[in-house]
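Student: Show me how the following folds:
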Amino acid sequence: MQPGQQVSHLVIEFDLMEFTVYRAKDIELIEGCRQKNSQAQKSLYDQYAGKLYALCCRYIKEKMEAEDVLIIAFTKILDRIDQFKGEGSFDGWMKRIVVNESLTYLRRNKNMYLEMDIEAADLEPDFEKLESHLQVEDLMKMIEALPSGYRIVFNLYAIDGYSHKEIGEQLGISENTSKSQLSRARVALQKSLLETEKKLIQKTI
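Tutor: Numbers count the residues shown, from 1 in each chain. Okay, the predicted model is just below:
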């Protein structure tokens, strides 16, 4: 057996152990929440609220409204926790509820508009050059700055893994409209990346 193979095996075993411990903690919290244990409910909120709030903010720009949606979504998570059957990840199940509640908020407040006109980008950005300067936070800010319709479809498809059919059902649009919004969102991001690239070039001159 090669030394590298042994280390790799140990790393895999360690990762599996960490995953098992993580799963055990989740299962314990889920069971506590099913029994309406207030401490378990608080622990679940403390563990996931930050991540789920960030998810709300990707759809809802106003921070206070995003907080309100999070509270409503988390209440539904606790009310529906018996519906989680252990198939797939628990945080993925919660994310679906949060995304659905965010979209419900946007529809109710008529804050979601689908934009249809944008010029195509003439050039491709130099991704290798940008990769060394662009942080994840920078890209998320670009996504946040997209027009509402572009941002919502891009989030649903590119980040949260919804299909165009699911997006169409959620937003009451056709699959082709969803694809069109995604395409325009990508062009808009491409333009933002090109602008960032120009600024980087100017700094080096």
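
Student: Dump the C-alpha coordinates for stretch 27-40 into CSV.
Tutor: Extracted C-alpha coordinates of stretch 27-40, given in CSV (Å, rounded to 0.1, in the frame of the first residue of the first chain):
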residue,chain,number,x,y,z
ILE,A,27,-31.5,14.0,13.6
GLU,A,28,-31.4,14.8,17.3
LEU,A,29,-32.6,18.4,16.6
ILE,A,30,-35.3,17.2,14.2
GLU,A,31,-36.7,14.7,16.7
GLY,A,32,-36.7,17.4,19.4
CYS,A,33,-38.6,19.8,17.1
ARG,A,34,-41.1,17.1,16.2
GLN,A,35,-41.8,16.8,19.9
LYS,A,36,-42.2,20.6,20.1
ASN,A,37,-39.2,21.0,22.3
SER,A,38,-38.5,24.7,22.6
GLN,A,39,-34.7,24.2,23.2
ALA,A,40,-34.4,22.1,20.1
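
Student: what does that stretch rub up against?
Tutor: With C-beta atoms under 8 Å, 6 or more residues apart in numbering as the test, stretch 27-40 has contacts from Gln41, Ser43, Leu44, Gln47, Leu78, Ile81, Asp82, Phe84, Phe90. In this view, the C-beta of every residue, glycine as well, is placed from N, C-alpha and C.

Student: Can I have the buried ones of these as a PyMOL selection?
Tutor: Those of those that count as buried under 16 or more other C-beta atoms under 10 Å are selected in PyMOL with:
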select buried, resi 41+43+44+81+84+90
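
Student: Output the below-cut-off pLDDT ranges for the chain.
Tutor: Filtered on pLDDT under 70, the chain yields the residue ranges 1-24, 110-136, 197, 200-205.
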